[in-house]
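In: only geometry, no sequence info:
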């Protein structure tokens, strides 16, 4: 077959004819996917470093990259970690950017394992007993202390959210500057403002100098571990009403509640005196009670229980007629009933201890036979209630 004949064959399919429709259908989605990839790359390049607040690698307004760069310029190496275990292994000076994301126990354990700990605007519940919240007084610009780092920084423009802390009286080796905005006790240093370290505020008057002197301990520290919240940061539980009371107030309240509750139970559980009889508000006749029980038995279909009640009443009356006690045996009751009535003991036993009836007619017959047995035995007739 020649080439011209093969081309003319209508059953022949060309490769280009099969690929063209598929390409036209897929080119839109391929172009859209490529556009998304390019947009993601551009956004990542524009975003640059992480935008977490106070992150030493973040160049955003709320980041701390500017302060980290200034520390490195002064010979202080900044090592960023997100785990308390890594911070303890690094030792030295550890800056906790967000103490509120940790518990007091975690911070206490971290402080015992490092040389120096810096807390940024911590909650007063996370502080040791020697430190407490100083109130909402805005710190002054002047240091108002003799710490060389604060004196070198001079007047500082503090942000509006700055907290102040108070050192307990008698605490040794304590530094209190800017009226509580900067506090140091032993190996713990506290800064009352997180915004002071942000990229958009570090250029404020005195902010950079104070931050560098506080973190590097007047340039005596050459390595700082910057702890950011990670997977092991459970967060601080919300404040409760018990935080307003001294330590141990909750336990004392529990014990007081137990003691008062015990005394209340003893008081209310005392004897109230003899029982006082009172007339019933409604008098229910015995006949009405019997009729009510009968209706309940009939509604529930409890013929066995009704038969047991009838036999129990007849047995009690026969025992009283024969002078027997309530604890007399069935054989004694059958013998006494046969003697008094003059009937065969077998017939008396069938009436008093026979099988329960299976229908209403057998139940009525049993009641009639019990009445006949009582009359034959000389049991006094029962007084009938008034009829309607």
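Out: Yep, that arrived. Being a predicted model, the structure only gives us computed values, none of them experimental.
In: Which helix or strand contains residue 158?
Out: Residue 158 belongs to no helix or strand when assigned by DSSP states H and E.
In: Am I right that it is in contact with residue 180?
Out: No: between residue 158 and residue 180 there is no contact under C-beta atoms under 8 Å: 11.2 Å. C-beta coordinates here come from the backbone N, C-alpha and C atoms, glycine included.
In: quick one, helices of the stretch 51-200 of the chain?
Out: Per DSSP state H, counting those that start in this stretch, the stretch 51-200 of the chain carries helices over the ranges 65-73, 84-90, 104-113, 148-153.
In: could I get the ones you listed as JSON lines with mean pLDDT, distance to residue 275 and mean neighbour count?
Out: Listed next are the helices of the stretch 51-200 of the chain as JSON lines, based on pLDDT from 0 to 100; distance: least, C-beta to C-beta, whole Å; neighbours: other C-beta atoms under 10 Å:
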{"stretch": "helix 65-73", "mean pLDDT": "94", "distance to residue 275": "83", "mean neighbour count": "19"}
{"stretch": "helix 84-90", "mean pLDDT": "89", "distance to residue 275": "69", "mean neighbour count": "17"}
{"stretch": "helix 104-113", "mean pLDDT": "89", "distance to residue 275": "59", "mean neighbour count": "15"}
{"stretch": "helix 148-153", "mean pLDDT": "92", "distance to residue 275": "82", "mean neighbour count": "18"}
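In: Dump the ones you listed to JSON lines, plus distance to residue 356.
Out: Putting the helices of the stretch 51-200 of the chain into JSON lines (distance: least, C-beta to C-beta, whole Å) gives the following:
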{"stretch": "helix 65-73", "distance to residue 356": "95"}
{"stretch": "helix 84-90", "distance to residue 356": "78"}
{"stretch": "helix 104-113", "distance to residue 356": "72"}
{"stretch": "helix 148-153", "distance to residue 356": "101"}
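In: closest to residue 370 out of the ones you listed?
Out: helix 104-113 (81.2 Å; C-beta to C-beta).
In: Off-centre distance for that closest one?
Out: 26 Å (C-alpha atoms, centre = their mean, to the nearest Å).
In: got it, and stretch 352-359?
Out: Worked out by C-alpha atoms, centre = their mean, stretch 352-359 lies 61 Å from the chain centre.
In: State the mean pLDDT of it.
Out: Computed over stretch 352-359, the mean pLDDT rounds to 85.
In: what does stretch 314-322 give?
Out: Across stretch 314-322, pLDDT averages out at 84.
In: quick one: buried residues of it?
Out: Along stretch 314-322, these residues count as buried under the neighbour rule (16 or more other C-beta atoms under 10 Å): 314-315, 317-319, 321-322.
In: returning to that earlier point: now do the shared contacts for residue 158 and residue 180.
Out: Both residue 158 and residue 180 are contacted by 139, 192, under the criterion C-beta atoms under 8 Å, 6 or more residues apart in numbering.
In: I am finished for the moment; much appreciated.
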